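sharing a model that was predicted from the sequence below.
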Amino acid sequence: MMTSQEIRQKFLDYFKVQGHVVVPSSSLVPEDDASVLFTTAGMQQFKPYYVGARDPEKDFGSFSTASVQKCVRTSDIEEVGDDTHLTFFEMLGNFSFGEGAYFKKEAITFAHEFITKEMGLGIDYVSIFEGTDGIPRDDESEAIWKSLDPAIEVRAFGREDNFWGPTGEEGPCGPTTEIYVNGVEVWNVVFNEYFQDREKNFTPLERTGVDTGMGLERLLVQENAVGSIYETDLFKGIMDQAGLVADNNVSKRIISDHFRTAVFMISDGVIPSNTGGGYILRRLLRRSVIKSTQREINTATISTLVDFVIDNYSSIYPDLLDNRGIIKQVIEEELSKFALTIEKGLKEFEKVSGEHMSGADAFVLFSTYGFPLELTIELAKERGIEINIQEFEKEMEKHQEASRTASAGMFKGGLQDHSEMSVKYHTATHLLLAALRDVLGEHVEQKGSNINKERLRLDFSHPEKLTDKQKKEIEDWVNNAVMRDLGVSWSEMSVDEAKQKGAIGVFDDKYGDRVKVYSISDGEEVVSMEICGGPHVEVTGTMGTFKIKKEEAVSQGVRRIKAVLT
């Protein structure tokens, strides 16, 4: 029976022999992809290589790579505690990029050999794309499988099961072939061979690629022949520790999973907050408390749980050792705050509880006091109180719809509307980025923005908290540019011309052949030059006084400034 580390090493060693360069896991917080909160797949760090924005041979010395990638997915968080669902997991993957790399025959051969010979597992069946939307059935993959094993069962499925992508409205995509062991899908092999445009038309890609993903935890369960991931070496120790504060197996599983995920999140720079990834972290930690018997996890138990995760993973992810102290500190502080939340929530619960509790009251407890519905229901049950859950759900739907509207704006970045004030804030964001690069250094790059008529928010790369002096220098820089009543102009040019002129841009691969470059200058000195779609003010003197309201961490190496114009 193999351990998790033996499987990781066997996978990487196998692909080294096959000519792949092993690339370390990237952070759980994607550096160049503001559209997602966390890394959810092994291919995420390699996206620039699939679209030709970066050269794999230059960066890796090879067109083929392999990795074990840290991932977080929370879409099924309510299912955690059963035999299969997790929030943190590791993805084993091998990748090939375009011209000079391999494609279907090699990818399928590698997968078959690793599963059957290296792992010694039997394949139940494999699946291929059955063809739809004008894309033919993947007969080539079926023929390759049959050449490797004439007796193998090949099943064909449609787009929902055996076609991947694109990410977003357009981009690379293609058919997949999947391997099933003991009825469980363990490996998904994606063949990027088409480009889907916004009108959902497909055209063949000039540079095809392979992107595979195999969940370590799923593979470990099959190799160990156990009933669930919680019975493997990844969880056995932490499950024992979780038993100190949980009185049933499901609660132990939830606490173990959530603490494991929290340790990795914090190590990669996530801190608890009410938005984005910080909210997910906060929710995981608070759910752990709710599942504890005393609705409290003390400092000693926190330390024990954290130590187990770090000691179990530090040989693969050594940064955990360096961050041990801060991980414990963040968790202890967050759970201490939640203890106060529970205390306040209990007082409000006493005020609104009677023979019945309205769903609206339960929602106020949740939204205003952070008092979880699970805890409200549990307390109400203890006292024989009925809660109108349907009414709560209606209030929650309204809240979620408002959140979705806000999130759509947050993740698309940029302007929320084209009102006069939003346009001023948009222009101020250009000046802020220029000021940051001047005061902090040219390592500063924009990592995302969100602008509305009330304020601007800019995420940028910088390794440490800004000092009060630096914030004052940045404010003065922007206000000086405003007071000089500089002109704002634009011209159209190619991306290469824009780069040669020194224009700043984000995500080059999303630009067309021609771009607009906006310059802010006095006719002689250019203080800002960016590739942008507009709109902007004509002169800076109309904008008002710039003031930084908040500066905070978003993730490791990424800071956020919120600012207003008065």
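Perfect, I can see it now.

got the buried residues for the longest helix seen in the chain?
In the chain, assigned by DSSP state H, the helix with the most residues is helix 324-352. For helix 324-352, the buried set under the neighbour-count rule, 16 or more other C-beta atoms under 10 Å, comprises 324, 327-328, 330-332, 334-335, 338, 342, 345, 348-349. (Glycine included, C-beta is placed from N, CA and C.)

check stretch 460-468 too.
460-462, 466.

try stretch 289-307
Residues of stretch 289-307 classed as buried under the neighbour-count rule (16+ other C-beta under 10 Å) are 289-292, 297, 301-302, 304-307.

and what of stretch 276-290?
Judged by neighbour count using 16+ other C-beta under 10 Å, the buried positions of stretch 276-290 are 276-278, 280-290.

Tyr50: which of the residues you listed is nearest?
Nearest to Tyr50 among the buried residues of stretch 276-290 is Gly277, at 24.5 Å by C-beta to C-beta.

and the gap between the closest one and Thr74?
The gap separating Gly277 from Thr74 is 10 Å, by C-beta to C-beta, to the nearest Å.

overlap of the contact sets of those two?
Counting by C-beta atoms under 8 Å, 6 or more residues apart in numbering, the contacts common to Gly277 and Thr74 are Phe38.

could I get the buried residues of stretch 276-290 as TSV with secondary structure?
Converted to TSV, the buried residues of stretch 276-290 look like this (DSSP: H, G, I helix; E, B strand; the rest coil):
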residue	secondary structure
Gly276	helix
Gly277	helix
Gly278	helix
Ile280	helix
Leu281	helix
Arg282	helix
Arg283	helix
Leu284	helix
Leu285	helix
Arg286	helix
Arg287	helix
Ser288	helix
Val289	helix
Ile290	helix
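
tabulate those residues in a markdown table, adding columns for pLDDT and distance to Val537.
Below are these laid out as a markdown table (pLDDT from 0 to 100; distance: C-beta to C-beta, whole Å):
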| residue | pLDDT | distance to Val537 |
| --- | --- | --- |
| Gly276 | 78 | 29 |
| Gly277 | 86 | 33 |
| Gly278 | 87 | 33 |
| Ile280 | 90 | 37 |
| Leu281 | 93 | 38 |
| Arg282 | 90 | 38 |
| Arg283 | 87 | 40 |
| Leu284 | 94 | 43 |
| Leu285 | 94 | 44 |
| Arg286 | 89 | 44 |
| Arg287 | 89 | 46 |
| Ser288 | 93 | 49 |
| Val289 | 91 | 49 |
| Ile290 | 86 | 49 |
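
which one of these is nearest to Ser256?
Proximity of the buried residues of stretch 276-290 to Ser256 was ranked by C-beta to C-beta; the top entry is Ser288 with 9.0 Å.

how close does the nearest residue to Arg253 once chain neighbours are set aside sit to His258?
In space, Arg253 comes closest to Gly81 once its chain neighbours are excluded; the distance is 4.7 Å by C-beta to C-beta, 6 or more residues apart in numbering. Noted for Gly81: a distance of 10 Å to His258, by C-beta to C-beta.

who's more crowded, these two?
His258 (25 against 19; other C-beta atoms under 10 Å).

ok, and the closest non-adjacent residue to that one?
Spatial nearest neighbour of His258, chain neighbours left out: Leu284 (4.1 Å); criterion: C-beta to C-beta, 6+ apart.

Phe371 now?
Closest residue in space to Phe371, ignoring its immediate chain neighbours: Gly345 at 3.2 Å, by C-beta to C-beta, 6+ apart.

OK, contacts around that neighbour?
Gly345 sits next to 365, 369-371, 375 when contact means C-beta under 8 Å, 6+ apart.

ditto for Arg287
Arg287 sits next to 77, 254, 258, 372, 374 when contact means C-beta under 8 Å, 6+ apart.

cool, Glu551 as well?
For Glu551, the residues meeting the contact criterion (C-beta under 8 Å, 6+ apart) are 465-466, 471, 559-562.

distance of it from Lys471?
Counting by C-beta to C-beta - Glu551 and Lys471 are separated by 6 Å.

same question, Lys547
Following C-beta to C-beta, the distance that separates Lys547 from Lys471 is 10 Å.
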